[in-house]
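*Asks:* Okay, sequence plus prediction incoming.
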Amino acid sequence: MAWTLAAGILIAPRAALPLAVRFTSGAVVTSMAIFGLLAAHAGYPVVWITFGAIVIAGAALTLRRMAFPALPRMSWWFRALFAVYGLLYLIYALAPEIQPDAITYHLGLVSEYVRLHALSQRLEFYELLPQGIEMLFVPAFAIGAHSAAKLVHFSFLIATVPLIRHICAELNIDDFKACGAAGIFLLAPVTAITSTSAYTDTALVCCCCAVFYLLIRWARQPGTAMLILAALNAGFCYAIKPTFGLVAVAALAFAGLRGARAGSLALFSLFAAAPGMLWIVRSAMLTGNPFAPFLNAWFPNEAFNAHLEAQLLHAYSALRPSFSWRSAILDYTVLGGNQGMFGPAFLLMPLALLALRNKAGRWLIPATLLLAIPVLSNTGARFLMPAAALGSIALVSLLPGAGVIALLAIQAIGSAPPVIDLYDTRNDWRLQGLPLRAALRLEGEREYWQENAPGYDNDRMITKITSPGAKIFVLAPVHQALLEREVLVYWQSSLADRILDDMTVALDSQGTSAARFAWRWPEGSFQSVRITAGSAMRVFSARFVPASPALTAAWIAWPGGHPYGLNVPASASGAELLIWPDSTPLTDAEAQTPKGEWISIAEAVHRSSVPVDIRRDVAAFIRRSGYRYILASTTGGGLARIGRDLVQNPVQWGVQPAGRNGDVWLFYIASE
C-alpha cells in the first residue's frame, strides 16, 4: 500500500533501511493514525484520500535524499519463481473474499467501521481484540471494498520476501540460500491462502522479521533509530495478535542483555507500548478490563467472563485432548488437520536445530523457538508462520547449493494443488481452483459468493427482509462482511452466552414445573431476605407483594450452598420466588430486620408447584436486549434443537417466521 510505504519513508529518513522495514514501520504509524481518525468519527473517504495524498507527497520529496541497503541481484531462477507465484497469488488476492475468518469478523469489523465512519462501541469478542492490521484495511475497504483490503495484506508477503534476504545478508548467509529460504516460505500452502486473504498473519510475519532484522542491526551498530523502530514493530505485533506481545518483551530483554542503557530501555518501552496501548485503553474504557476479551478472571466485567476463555482454550489450545503432539510434524507439513499445511520441505525443520553450531543459527534458533510459543494457545498453522519464516532460514543455511535447489523443488512439487490432492485426505484449508474470472470481474461478486461462500443465501435473506440498522441474534452461519446489519453471534459476549443459555434452559424446562416459594410478613418488618438451596437452581422470577414487576431482568443461574438475596422495599408485605427445578431443596431462608439482625423464616415459607414455559419470556428478554430477529438452523449441531422448536412452536416463543433459506429460518420477535 503506497500510503503505508510513504509513511515509513518519512520515519528516520537518514537511516539506511530496507524498503520492507520502512513498509512495516509505516504500517505501525498509519494504523495508529487511522485508529485516531476513527475514534474522532472522521473515517470518511475524503479524509483517507486527503491524508494519504499528503503522506505520499511528503515521501516523494524525501525519497531523493535516502539510501537503502543493497542486496545482490536475484538469481534468475528466483526471479522466475517470484514472478510466477506472485502473479498466481495476485489472482487470488483480486478475487472477492471468501475465506471464513476474513469474510466474517476481519472484514466484518472493517465494513462496520466504514459504515459508521467510526469505531464500533459493541462489547463483543472480536470487537475488543486489538485490530492493528484491520485499521489498514479500513481506507482500502472504503475505496475498493473486499479486494482492496486483501491486496493490503498481500503486500506484506511481497515485503517479507526481500526482508528474509536482508536478514540473511546481516547474518552473512549466502544470498543463494536466502532466496531458497524465501522460496520455501513463499510456496507453503498456508502462506498462499493466508497472504491472499484479508487475514493478518502474513503481516505479523513481516513485522516479526522486521524486529529481528532491526535488532541485528542495532546489536552491530547501536543507534536510537534502530531501537525505536524495533520497538514500534515489536509493539505492533501485540496489536496484530495479543499472544505475540511476547515479541516486545523478548526484544526489551535482548536489548537489556546487550548492554542498552536505562534511558534507551525506557525509550524502547515507551515506543513498544504505543501501538498496543490504544487498544488497551479502549478496552478499559468500554469494559473496565484493559485486556478484554481476555483475563476476565483478573478483571471481572459484565461484557465477558472467564468461562468464555476456558471454552476457547479447550477448543483451540495445544492442551485440548484432540491435539496430537506425536503426529504434529506430519500434521503441520503434509497431513493437515490444524487449519493449514506448510508443505513437505518443512518435514526437515527439526534438523534446523543443528544450526546452533554456527553464529547465524544462534541468532535464528532462539528467535524461531520464541515465535513458536503462541501455538500453545491456538494450534492453527497460521500461528506458526512467524516461526516458520525464520526457521526456513536456519534450515537452508545448513545445506549446500544443490541441497537448496533440491529442497525448493520438493516444496514446489509437493505444494502444487494436483499433488496435494493426492495426500490431503483431511481436505485441509488451502487455495482451491483458480478464480481468474472472478479476479477480472468477468464473474460477478454475487455469483462468486453464491458458489464459494457457504451461507451466502442467509446473508441475502437477512438483507432482503430486514431494514438497515436491524439487529439479529444468530445461531446459524452468516458473513458479517456482506451484511449491513448488526449481528450477535451466540458465543461472542456474556450477553450472547446468556441468551443461548436461556434458550437452552427454556427447552430443558418446558413440560416441567418450578417450585413457588411464598412468604408473608407485616409491612416494614424486613429490609432484605435471602434463601439458600441445597443444589444449583434457576431463579425464574422474584417479586414482592403487593404486586410489583419482576426484579430479575430474566432469570439467573445460582449455585447450591450460596445464599440468594433480595432487598425488600419498605412497602412490601411478602415475597414470591419461582425456582427451577421443582425438586430444588431449600436448606435455609432468612430475613434481616431493620436493626440488622438475621432471623430464620424457613418455617413461614409456603411451597407449591407451578408449570413452566419460559420460552416467550426468553424471546422478550432478547428483544429487550435490542435484538428483534433470531436466525436459527434446524439441522446440524446442538443448536439445531432450538431452531426446530422455534419452527414447531412459534406462538409459544412469541416469534413470527419472517423468512426461510432451506433449513435456516429467520424469526421476528413480536412485541411483548
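*Replies:* Looks like it arrived, so ask away. Numbering: from 1, shown residues only.
*Asks:* any weak-confidence spans in this protein?
*Replies:* 1, 547-555, 672 (pLDDT under 70).
*Asks:* which of the residues in the longest helix seen in it are buried?
*Replies:* Ranked by residue count and defined by DSSP state H, the top helix of the chain is helix 132-170. By 16 or more other CB atoms under 10 Å, the buried positions in helix 132-170 come out as 132-142, 145-170. (Glycine included, C-beta is placed from N, CA and C.)
*Asks:* what's whichever helix or strand comes after it packed up against?
*Replies:* Using DSSP states H and E, the helix or strand that follows helix 132-170 in sequence is helix 175-187. Applying 3 or more CB pairs under 8 Å, 6 or more residues apart in numbering; DSSP states H and E, we find helix 175-187 packed against helix 76-94, helix 132-170, helix 385-397, helix 401-414.
*Asks:* so helix 175-187 versus helix 385-397, what angle?
*Replies:* Here helix 175-187 points in a direction 140 degrees away from that of helix 385-397 (axes from the mean of the first three to the mean of the last three CA atoms, to 10 degrees).
*Asks:* Please put the alpha-carbon coordinates of helix 175-187 into CSV.
*Replies:* C-alpha atoms of helix 175-187 as CSV (Å, rounded to 0.1, in the frame of the first residue of the first chain):
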residue,chain,number,x,y,z
ASP,A,175,22.0,-14.9,-1.0
PHE,A,176,21.5,-18.1,-3.0
LYS,A,177,20.4,-19.7,0.3
ALA,A,178,18.5,-16.6,1.3
CYS,A,179,16.4,-16.9,-1.9
GLY,A,180,15.9,-20.6,-1.2
ALA,A,181,14.6,-19.8,2.3
ALA,A,182,12.3,-17.1,1.0
GLY,A,183,11.1,-19.5,-1.7
ILE,A,184,10.3,-22.3,0.7
PHE,A,185,8.2,-20.0,2.8
LEU,A,186,6.6,-18.4,-0.2
LEU,A,187,5.5,-21.8,-1.6
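*Asks:* export the helices and strands packed on helix 175-187 to a markdown table and tack on distance to Leu37?
*Replies:* Shown next, in a markdown table, are the helices and strands packed on helix 175-187 (distance: least, CB to CB, whole Å):
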| stretch | distance to Leu37 |
| --- | --- |
| helix 76-94 | 26 |
| helix 132-170 | 9 |
| helix 385-397 | 29 |
| helix 401-414 | 42 |
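*Asks:* ok and the longest helix of the chain relative to helix 76-94, angle-wise?
*Replies:* 180 degrees.
*Asks:* how far does helix 132-170 sit from the chain's center?
*Replies:* Offset of helix 132-170 from its chain centre (CA atoms, centre = their mean, to the nearest Å): 18 Å.
*Asks:* Stretch 219-235 too?
*Replies:* Using CA atoms, centre = their mean, the offset of stretch 219-235 from its chain centre is 28 Å.
*Asks:* That one: which residues count as buried?
*Replies:* Quick answer for stretch 219-235 (16+ other CB under 10 Å): Ala219, Ala225, Met226, Leu227, Ile228, Leu229, Ala230, Ala231, Leu232, Asn233, Ala234, Gly235.
*Asks:* what's the helix or strand for the fourth one?
*Replies:* So the one you mean is Leu227. helix 224-240.
*Asks:* packing partners for that helix?
*Replies:* So helix 224-240, by 3+ CB pairs under 8 Å, 6+ apart, packs with helix 19-39, helix 132-170, helix 201-220, helix 246-257, helix 262-287.
*Asks:* Save those helices as a markdown table, and put in distance to Leu399 too.
*Replies:* Formatted as a markdown table, the helices and strands packed on helix 224-240 follow (distance: least, CB to CB, whole Å):
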| stretch | distance to Leu399 |
| --- | --- |
| helix 19-39 | 24 |
| helix 132-170 | 13 |
| helix 201-220 | 21 |
| helix 246-257 | 28 |
| helix 262-287 | 35 |
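*Asks:* which one of those lies closest to Ile465?
*Replies:* helix 132-170 (23.4 Å; CB to CB).
*Asks:* Helix 19-39 and the closest one, what's the angle between them?
*Replies:* 170 degrees.
*Asks:* ok now the helix or strand hosting Leu5, how far from the chain's centre?
*Replies:* Leu5 belongs to helix 2-9 when assigned by DSSP H and E. The chain centre lies 26 Å from the centre of helix 2-9; the measure is CA atoms, centre = their mean.
*Asks:* Please apply the same query to stretch 172-189.
*Replies:* On CA atoms, centre = their mean, the centre of stretch 172-189 falls 30 Å from the chain's centre.
*Asks:* Pull out the buried residues from it.
*Replies:* Under 16+ other CB under 10 Å, the buried positions of stretch 172-189 are 173, 175-189.
*Asks:* Pretty sure Cys8 sits against Ala27.
*Replies:* Not quite, residue 8 is Gly, not Cys. Yes: contact criterion CB atoms under 8 Å: Gly8 and Ala27 qualify, at 7.4 Å.
*Asks:* ok, the residue most central in space within the chain - contacts?
*Replies:* In the chain, the residue lying closest to the centroid (CA atoms, centre = their mean) is Tyr126, at 5.2 Å. By CB atoms under 8 Å, 6 or more residues apart in numbering, Tyr126 lies in contact with Tyr105, Gly108, Leu109, Gln492.
*Asks:* wait, which of the helices and strands packed on helix 224-240 is closest to Ala355?
*Replies:* The nearest among the helices and strands packed on helix 224-240, by CB to CB, is helix 132-170 at 12.4 Å.
*Asks:* between that closest one and helix 2-9, what angle do the directions make?
*Replies:* Using the same axes, to 10 degrees: helix 132-170 against helix 2-9 is 50 degrees.
*Asks:* Compute the inter-axis angle for helix 132-170 and helix 224-240.
*Replies:* 140 degrees.
*Asks:* so Gly636, which of the three states?
*Replies:* Secondary structure, DSSP: H, G, I helix; E, B strand; the rest coil: Gly636 is coil.
*Asks:* Relative to Ser633, how far out is the closest residue to it other than its chain neighbours?
*Replies:* Nearest residue to Gly636, sequence neighbours excluded (CB to CB, 6 or more residues apart in numbering): Asp663, at 7.9 Å. Look at Asp663 and Ser633: by CB to CB, to the nearest Å, they are 5 Å apart.
*Asks:* Need the residues touching each of these two.
*Replies:* Gly643.
*Asks:* what about those two, which has more around it?
*Replies:* Neighbours were counted for Asp663 and for Ser633 using other CB atoms under 10 Å; Ser633 has more, 22 against 15.
*Asks:* The more buried one touches Leu475, doesn't it?
*Replies:* Yes: the pair Ser633 and Leu475 passes the contact test of CB under 8 Å, sitting 6.7 Å apart.
*Asks:* Could you chop the chain up by domain?
*Replies:* As given by automatic domain parsing, the domain ranges for the chain are 2-67+76-233+323-423, 456-496+617-669, 513-611.
*Asks:* Can you check which of those domains gets nearest to Ala284?
*Replies:* So among the domains of the chain, domain 2-67+76-233+323-423 is nearest, using CB to CB, at 10.4 Å.
*Asks:* End to end on that closest one, go ahead and measure it.
*Replies:* End-to-end distance of domain 2-67+76-233+323-423: 40 Å, with CA to CA, to the nearest Å as the criterion.
*Asks:* what's the answer for stretch 300-319, then?
*Replies:* OK, stretch 300-319 end separation, CA to CA: 25 Å.
*Asks:* Please consider this matter closed, and thank you.
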